[in-house]
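K.L.:
give me a 3D structure for the following:
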Amino acid sequence: VHPMVTFFLSRAPNPVESLAVMPVIYGLTFVFRAVGLSYQEIAISLLGENPANFPKVKNFAIALGIATSGCLTLIALTPLNRIWFEVVSGLTPALASFAVLPLQLMALFPALTVLVCFQRSVLIVTRLTRPISIATALEALAIFGLLLITVRYLTLPGAVAASISYVCGRFLAVVMLQRPTLVQMRKNFITYRKTKEQ
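P.N.:
Below is the predicted model:
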């Protein structure tokens, strides 16, 4: 996906600015998304070890998604973004201003990452992995399609187009995994909990 995004950034309006700020934006979002990616391994371990862990794993995912996206939103919507862009990353004030909107658009990305990792964990533990492959492929296709449309026909700046594409692609993956995840949750975790309570 990243080489494809770079290809489109170089052909979009404001290519130099977009190519300069996008790695900085992506790096900042990765700080918060990395927590969600790590969570997937823990969720797989805990759910595989004991289905009774499901409520704790689910509740922690909700709290983690709110915390990670909340922190990124706080940075994106306050002068903290200037500190990150200008002081930490060394961007010029003009590039820092250019980067604010794409960062704001990416604010939901960490929460979506936690959610998709939770869904994948449930599916991996229940050995239903085909939907994960399909959702991942559709996410990549959606990013490609949205970049093509936004860059070619809407003439959005590349960084804005990339941010929209990343978030919408991840949202599509979440939507694609929702039904199989709910089915597996009911079958393997919610039913198990009810049986234990009885």
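K.L.:
let me see the ranges of the helices in this structure.
P.N.:
Assigned helices in the chain, in chain order: 2-9, 15-49, 54-77, 80-82, 93-105, 109-125, 130-152, 158-184, 191-197 (criterion: DSSP state H).
K.L.:
what's the spacing between the longest one and its chain's center?
P.N.:
It stands for helix 15-49. In this view, helix 15-49 has its centroid 7 Å away from the chain centroid, taken as C-alpha atoms, centre = their mean, to the nearest Å.
K.L.:
and that helix, which residues are buried?
P.N.:
By neighbour count, and taking 16 or more other C-beta atoms under 10 Å as the criterion, the buried residues in helix 15-49 are 15, 17-18, 20-22, 24-26, 28-29, 32-33, 35-36, 39-40, 43-44, 46-47. For the C-beta atoms, the positions are set from N, CA and C on the backbone; glycine is no exception.
K.L.:
show me what that helix is packed against.
P.N.:
Here helix 15-49 touches helix 2-9, helix 54-77, helix 93-105, helix 109-125, helix 158-184, going by 3 or more C-beta pairs under 8 Å, 6 or more residues apart in numbering; DSSP states H and E.
K.L.:
could you give the mean pLDDT of that helix?
P.N.:
In this model, helix 15-49 carries a mean pLDDT of 92.
K.L.:
again with the third one
P.N.:
Computed over helix 54-77, the mean pLDDT rounds to 95.
K.L.:
please enumerate residues in contact with that helix?
P.N.:
Contacts of helix 54-77 from elsewhere in the structure, counted by C-beta atoms under 8 Å, 6 or more residues apart in numbering, are 28-29, 32-33, 35-36, 39, 43, 46-47, 80-81, 84, 100, 103-104, 106-115, 117-118, 121, 185, 189-190, 192-193.
K.L.:
my read is that residue 176 contacts residue 138, right?
P.N.:
Yes - taking contact to mean C-beta atoms under 8 Å, the distance of 5.8 Å between residue 176 and residue 138 places them in contact.
K.L.:
who has more neighbours, these two?
P.N.:
Remark: of residue 176 and residue 138, residue 176 carries more neighbours, 21 against 15, as counted by other C-beta atoms under 10 Å.
K.L.:
now do the contacts for that one.
P.N.:
Contacts here follow C-beta under 8 Å, 6+ apart; on that basis residue 176 touches 131, 134, 135, 138.
K.L.:
those residues into CSV, with extra columns for pLDDT?
P.N.:
Putting the contacts of residue 176 into CSV (pLDDT from 0 to 100) gives the following:
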residue, pLDDT
131, 96
134, 96
135, 96
138, 96
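K.L.:
just the buried ones from the residues you listed?
P.N.:
In terms of neighbour count (16+ other C-beta under 10 Å), the buried residues within those are 131, 135.
K.L.:
make a markdown table from the contacts of residue 176 and add distance to residue 66 to it.
P.N.:
Rendered in a markdown table, the data for the contacts of residue 176 read as follows (distance: C-beta to C-beta, whole Å):
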| residue | distance to residue 66 |
| --- | --- |
| 131 | 25 |
| 134 | 28 |
| 135 | 23 |
| 138 | 26 |
